[in-house]
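*Asks:* sequence first, then the predicted structure:
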Amino acid sequence: MPGERILVVEDNEANLRLVTYLLEAKGYEIRGAGDAQQALQMVESFRPRMILMDLQLPGIDGYELTRRLKSNPATREVVIIALTAFAMRGDEDKARAAGCDGYITKPIDTRALPGKIAELLAASAPSNGAA
C-alpha cells in the first residue's frame, strides 16, 4: 500500500539506507531511527502504520521497545515487524512473545522485501472501512 508510513528502527546505517531506498522506491513514506529513544520520539511525531524493528539496538533493545509500544494504547495497533539477524531456532518465537506481528531475517532479500511489506500491511488492514 504505497503512501503508508513506515518507521525503520535500525542502528546499522547501511541497512537503514538499503531498507529506506527499497521501500521509498515503492512509494512508502519512510523515516529512520537509530535507537529506541529516537524511535519513541519518531512514533509520536510521525505516527507510522508499521515499524521495522531491529532487535539488537544499543541501550533499550528491540524486544523491550516492542513490549513498550504494544503495552501503550496509543501505539498498540502499530504493526511491528522484527527485522533481524537472529535466525536461530526459537528466535522468531521470542520476537513474537515480545509483541512483534511478523519476522523478517537479515540479510535482507532486496527483491522480496517490498512484497513482504505490502503483504503484511494488507493482512493488518482494518476491515470494512473501519477507521
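*Replies:* Nice, I can see it. Numbers count the residues shown, from 1 in each chain.

*Asks:* contact partners for Leu23?
*Replies:* When contacts are counted by CB atoms under 8 Å, 6 or more residues apart in numbering, Leu23 touches Ile6, Val8, Ile30, Leu113, Pro114, Ile117. Yep, even glycine has a C-beta here, placed from its N, CA and C like the rest.

*Asks:* out of these, which one sits closest to Leu40?
*Replies:* Val8 (14.5 Å; CB to CB).

*Asks:* can you count the residues close to Asp93?
*Replies:* Burial of Asp93, expressed as a neighbour count using other CB atoms under 10 Å, amounts to 10.

*Asks:* and it, how far is that from Pro107?
*Replies:* Using CB to CB, to the nearest Å, we find Asp93 at a distance of 21 Å from Pro107.

*Asks:* where does the residue nearest to the spatial centre of the chain fall, helix, sheet strand or coil?
*Replies:* Central residue check for the chain by CA atoms, centre = their mean: the C-alpha nearest the mean position is that of Leu52, 1.6 Å away. Recorded secondary structure, Leu52: strand (DSSP: H, G, I helix; E, B strand; the rest coil).

*Asks:* that one contacts Val9, correct?
*Replies:* Yes - using CB atoms under 8 Å, Leu52 makes contact with Val9 at a distance of 6.8 Å.

*Asks:* closest to Pro73 among the contacts of Leu23?
*Replies:* Relative to Pro73, the closest of the contacts of Leu23 is Ile6; by CB to CB it sits at 21.2 Å.

*Asks:* just list whatever residues bridge to Tyr103.
*Replies:* With DSSP bridges applied, Tyr103 shows beta-bridge pairing to Ala82.
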